[in-house]
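Enquirer: Sharing a model prediction with you, sequence too.
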Amino acid sequence: MDMNVNTTSAPKGIEINIIYLLESVLKKWWVLLLSAVVAGAMGLGCAFITSTPTYSTNLSFVIYNKNANDVNDSSDITSSIKVAQTFEYILEGRTMCEKIAKSCRSDITAEEISEAMSASVMTDTNIIIVDIKNESADITYEIACGLASNYGEIVNYAYPNATLQMYEEPFMPTETDSQTSLMVFTLIGAVLGLAIAVISIVISNATHDTVRASDDIQLKLDANLLGTVDSVKTGKGKNKIKRLLITDRTLGFSFIESYKAIRTKVETYCSRNDCKVIMVTSANENEGKTTFAMNLALSLAQNGKSVLVIDADMRKPAVCKFLNLTVSPECDLANVISGKTELSDAIKYVEKHKLFILATVQANDEPTEILSSQQMNKLIKAARSEFDFVIVDTAPASVVADANILSNFADAAILVVREDFAACARIRGVIDDISQNKAELIGCVYNYASTSGVRGAYGKYKYGYGYGGYGYGGYGYGYGYGYGHSSSDKAKEENEN
């Protein structure tokens, strides 16, 4: 019975989900903050470089459409308000600027005075305010005084029937203007930095092809979903749970029941296909394969089955550490394969968990050669005849060749897929490799699932990572960097794990 047959074709192109992308952006809040701060600082620096301190002063005038003594009622005031628009132009016009330039002692042109002066009418009034701004306090004041001295002549020439009276005289500026451009540039820089960070995160996540929901097992990998295991809050510090075992009732109903559901499927598949030896692997390290293998074995043992767990991850063995089990080096898997120790002597029974363990006690330098030997094949055949189930924990399948070798000796395989972790292309490569060997892929386990990423269909996902205080095992030892660590590296590695 081939449980890998799936008529659902994998979707093509990039699937974008707004909720997932929003969660991804919020999880990177520190990147957003850092980008905004850095870009804001750059904007502030640009403002300092490009901006020039200026000095300002102003004058104010009151305009009447006739002689001030003849203004009698509100209609005259209304007419004066309308006339004020004309005087706004006169006060900052070319003729006035040329007149002021001639009266100034400084070498300043009419064009420069026109740039420095700005006249405006206060809304619904006949009051005109002239603002003057220049890089020099003396020139600013000189222009203002020139306007105060010459406005009467120009106004009487242009509009002889009107009256323009100075209401506030200019003052000598003593301090530079507040540089609002600094704040504006800083704000613009911060907004741009934030926008760039958000866009980068969105693009990165939209093109990040990983398994983000349980339905992706079928949609993206074209594989059977064997079950979903939710992430579990492990706590921090002294209260941190180091080993997630279904025998610990504090882990919650959902975590424990998920393994019972998977156990039922595994037993059904194995009874129909005469399978006993099940290999458990993953595409990458740190996906929780050892935790899954141990809990699957425990759930089978709880159902009255005799179960042997073989720690065939000879590069980074984890079973003994996972169970806090002390095993003599003579009982190491490598010694059994080489014939130095009898299989019956090497297998240890753990009464507490009702499990039989064949451990790898120490990392081996030549695991591929050892595991590919005929002695390993004979060992598994012997174990098959003695136990109801043999669970083989292997190294990550896309990192080293060990799992590919062992899949020739196993009856079936289970692939552990951690949520939003390994690239789908890499997982599909592992599935293809397994399918070319003896072992049949029972299915994939969607592991480390956040509560929002357990199920869904495209366009309806509510994704989530579940990192930070949630974990499975934590017994990955870094396959990517190989061997030859110094003693300090090993000590650091042990502290981290």
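Expert: Okay, I see it.
Enquirer: Can you list the low-confidence ranges for the protein?
Expert: 1-17, 20, 66-76, 179, 234-242, 451-497 (pLDDT under 70).
Enquirer: What's the biggest helix in it, counting residues?
Expert: Longest helix in the chain, counting residues (DSSP state H): helix 180-206.
Enquirer: Figure out how far that one is from the centre of its chain.
Expert: Distance of helix 180-206 from the chain centroid (C-alpha atoms, centre = their mean, to the nearest Å) equals 16 Å.
Enquirer: and it, what does it pack onto?
Expert: On a contact count with 3 or more C-beta pairs under 8 Å, 6 or more residues apart in numbering; DSSP states H and E, helix 180-206 meets helix 18-27, helix 29-50. Placement of C-beta: from N, CA and C, glycine included.
Enquirer: Tell me which stretches of the stretch 201-350 of the chain form helices.
Expert: Listed in chain order, the helices found in the stretch 201-350 of the chain under DSSP state H, counting those that start in this stretch are 216-219, 253-273, 289-302, 319-323, 333-338, 343-346.
Enquirer: ranking those helices by burial, who's on top?
Expert: helix 289-302 (a mean of 25; mean count of other C-beta atoms under 10 Å).
Enquirer: elements contacting that one?
Expert: Checking 3+ C-beta pairs under 8 Å, 6+ apart, helix 289-302 ends up next to helix 253-273, strand 277-282, strand 307-311, helix 319-323, strand 355-358, strand 389-393, strand 412-418.
Enquirer: Show me the one of the ones you listed that comes nearest residue 24.
Expert: strand 412-418 (16.4 Å; C-beta to C-beta).
Enquirer: what's the angle from the next helix or strand after the closest one to strand 412-418?
Expert: Following strand 412-418 in sequence order, the next helix or strand is helix 424-435 (DSSP states H and E). On the basis of axes from the mean of the first three to the mean of the last three C-alpha atoms, to 10 degrees, helix 424-435 is oriented at 170 degrees to strand 412-418.
Enquirer: list the buried ones in helix 424-435?
Expert: By 16 or more other C-beta atoms under 10 Å, the buried positions in helix 424-435 come out as 424, 426-428, 430-431, 433-434.
Enquirer: Can you list the buried residues in the next helix or strand after it?
Expert: Going down the chain from helix 424-435, the next helix or strand is strand 440-449, by DSSP H and E. For strand 440-449, burial by neighbour count (16+ other C-beta under 10 Å) applies to 440-449.
Enquirer: Just say helix, strand or coil for residue 369.
Expert: helix (DSSP: H, G, I helix; E, B strand; the rest coil).
Enquirer: give the contact list for it.
Expert: Not one residue lies near residue 369 by C-beta atoms under 8 Å, 6 or more residues apart in numbering.
Enquirer: distance of it from residue 43?
Expert: 61 Å (C-beta to C-beta, to the nearest Å).
Enquirer: swap in residue 187?
Expert: 7 Å.
Enquirer: Looking only at neighbour counts, state which of these two leads.
Expert: When neighbours are counted by other C-beta atoms under 10 Å, residue 43 comes out ahead of the other of residue 187 and residue 43, with 22 against 14.
Enquirer: With distance to residue 318 as extra columns, can I get the buried residues of strand 440-449 in CSV?
Expert: CSV is the format used below for the buried residues of strand 440-449 (distance: C-beta to C-beta, whole Å):
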residue, distance to residue 318
440, 25
441, 23
442, 22
443, 23
444, 21
445, 17
446, 21
447, 15
448, 16
449, 21
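Enquirer: Out of those residues, flag the one nearest to residue 323.
Expert: Distances from residue 323 to the buried residues of strand 440-449, taken by C-beta to C-beta, are shortest for residue 447, at 19.4 Å.
Enquirer: Tell me who's in contact with the closest one.
Expert: 229, 287-288, 292, 416-419, 472.
Enquirer: still on that earlier bit, pick out whichever of the buried residues of helix 424-435 sits closest to residue 395.
Expert: Of those, the one sitting nearest to residue 395 (C-beta to C-beta) turns out to be residue 430, at 11.7 Å.
Enquirer: Go ahead and confirm that closest one touches residue 416.
Expert: No. Counting by C-beta atoms under 8 Å, residue 430 stays clear of residue 416, with 10.5 Å between them.
Enquirer: ok so, going back, of the buried residues of helix 424-435, which is the nearest to residue 167?
Expert: residue 424 (75.9 Å).
Enquirer: Can you name the residues that contact that closest one?
Expert: 209-211, 216, 220-221.
Enquirer: Could you rerun that using 6 Å?
Expert: 209, 220 (C-beta atoms under 6 Å, 6 or more residues apart in numbering).
Enquirer: And it, how close does it get to residue 149?
Expert: 81 Å.
Enquirer: what are the ranges of the helices in the stretch 1-150 of the chain?
Expert: 18-27, 29-50, 74-91, 94-103, 110-116, 137-158.
Enquirer: Make JSON lines out of the ones you listed and add distance to residue 131.
Expert: Formatted as JSON lines, the helices of the stretch 1-150 of the chain follow (distance: least, C-beta to C-beta, whole Å):
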{"stretch": "helix 18-27", "distance to residue 131": "44"}
{"stretch": "helix 29-50", "distance to residue 131": "22"}
{"stretch": "helix 74-91", "distance to residue 131": "11"}
{"stretch": "helix 94-103", "distance to residue 131": "15"}
{"stretch": "helix 110-116", "distance to residue 131": "9"}
{"stretch": "helix 137-158", "distance to residue 131": "10"}
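Enquirer: Figure out which of the ones you listed is closest to residue 410.
Expert: helix 18-27 (35.5 Å).
Enquirer: related to what we said a few turns ago, name the member of the contacts of residue 447 that has the highest neighbour count.
Expert: Counting by other C-beta under 10 Å, top hit in the contacts of residue 447: residue 417 with 33 neighbours.
Enquirer: which residues does that one bridge with?
Expert: residue 446 (DSSP bridges).
Enquirer: All good on my end, thank you.
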